[in-house]
Each structure stands twice: as C-alpha cells, then as structure tokens.
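Enquirer: Fold the stuff below for me.
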Amino acid sequence: MPRTAEIPLPLRATIIAFKSPHYGKSTAEIHDLTGISISQINKIYAQAIRRGFEPNLLPSVILEEHLIDNPRSGRPSKQIEMNQRLILDKVTFDRYGHKKSYANIAGDLSNLRIETSAVTVRTILRNNGYRKTKPTRKLGLI
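Expert: Got it, this is the predicted structure:
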C-alpha cells in the first residue's frame, strides 16, 4: 500500500473528483477503480477540503494547492547526492587498500566539514550495492 505522499497528483485529483457530490462515487467504488485504500481516499479528500476545495461548487475547481502535501517536519536527510558521491568515491578509490570501517569513513568526511554518522555511511553503501566483505586472495594464483 503506497503512502499518501507517493500517490501521484493526477490520481489524487481523480479521487477528489470522483468523491465530490457531482460524480457521486462511493469510497468503495473509488477503491475498486484505483486500488487505493479506503482510509487513504478519505484522507486525500479531507485534506483537499481543509485546503479550500469546495465540493458543492459548480464547476468543480481542483487546484494544485488542494493536492500537494505539506513539507514534512524533521531533520533534513544527509543522504544528499554530493555526500553519496563522496562516500562512494572514497570506497571505490581505496577498495583493495586499507580496510575502513563506517566510522572511519564518517571521520574522513568530518575532516572535510561534512558531518555524517557511521549509520548514514552504512545506509548509503548498502543502497548502492556495497556489502561488508573481506576480499579473498588465494596464494599462488595469478
């Protein structure tokens, strides 16, 4: 089940239009048509009304401000593209040299005045397909 933030704006507009009194579709019918859960349909419609959508007004006007989500509160992510690129470059550059822990990589970044945690470094590396493995070399083989 997708989160409300992941539902595209055109589908949200369709949900609002179908649920308005002029179309008269029930929430269950909208669920069958779109596959969106009933609680999310009700949430999208209630948010649109709180943001100024007039369901009884003819012609129905659905504005972008009725559809978009508010910015989420909380700390901004440190997994921005520049930080990801620096971490991946650091791992790729020193791939077979000195083994570095996530904390060592985070410490190297703090020397560049980029404050990030070892957990963030681990998350970025895992999301890009890196695993914590020790490369093996068999003696006598070239």
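Enquirer: looking at this protein, which helix or strand is least sure?
Expert: The helix or strand of the chain with the lowest confidence, counting by mean pLDDT, DSSP states H and E, is helix 81-93 at a mean of 80.
Enquirer: Counting by contacts, list what it packs against.
Expert: When contacts are defined as 3 or more C-beta pairs under 8 Å, 6 or more residues apart in numbering; DSSP states H and E, helix 81-93 packs onto helix 102-111, helix 118-127. (Glycine included, C-beta is placed from N, CA and C.)
Enquirer: What are the structural domain limits within this structure?
Expert: The record, using automatic domain parsing to delimit domains, assigns the chain the ranges 4-67, 81-127.
Enquirer: Mind telling me which of the ones you listed the model trusts least?
Expert: Of all the domains of the chain, mean pLDDT reaches its minimum on domain 81-127 (a mean of 81).
Enquirer: ok, Leu9 - how many residues close by?
Expert: 13 (other C-beta atoms under 10 Å).
Enquirer: which ones are touching Ser60?
Expert: Counting by C-beta atoms under 8 Å, 6 or more residues apart in numbering, Ser60 makes contact with 17, 20, 22.
Enquirer: scratch that, Gly52 is what I was asking about
Expert: Neighbouring residues of Gly52 by C-beta under 8 Å, 6+ apart: 63, 65-66.
Enquirer: Can you name every helix or strand that the helix or strand harbouring His66 contacts?
Expert: Assigning secondary structure by DSSP states H and E places His66 in helix 64-67. Secondary-structure packing of helix 64-67 (3+ C-beta pairs under 8 Å, 6+ apart): helix 9-19, helix 38-50.
Enquirer: returning to what we had before: check what contacts the least confident helix or strand of the chain and list those residues.
Expert: Contacts of helix 81-93 (C-beta under 8 Å, 6+ apart): 100, 105, 108-109, 112, 114, 116, 120-121, 124-125, 128, 130.
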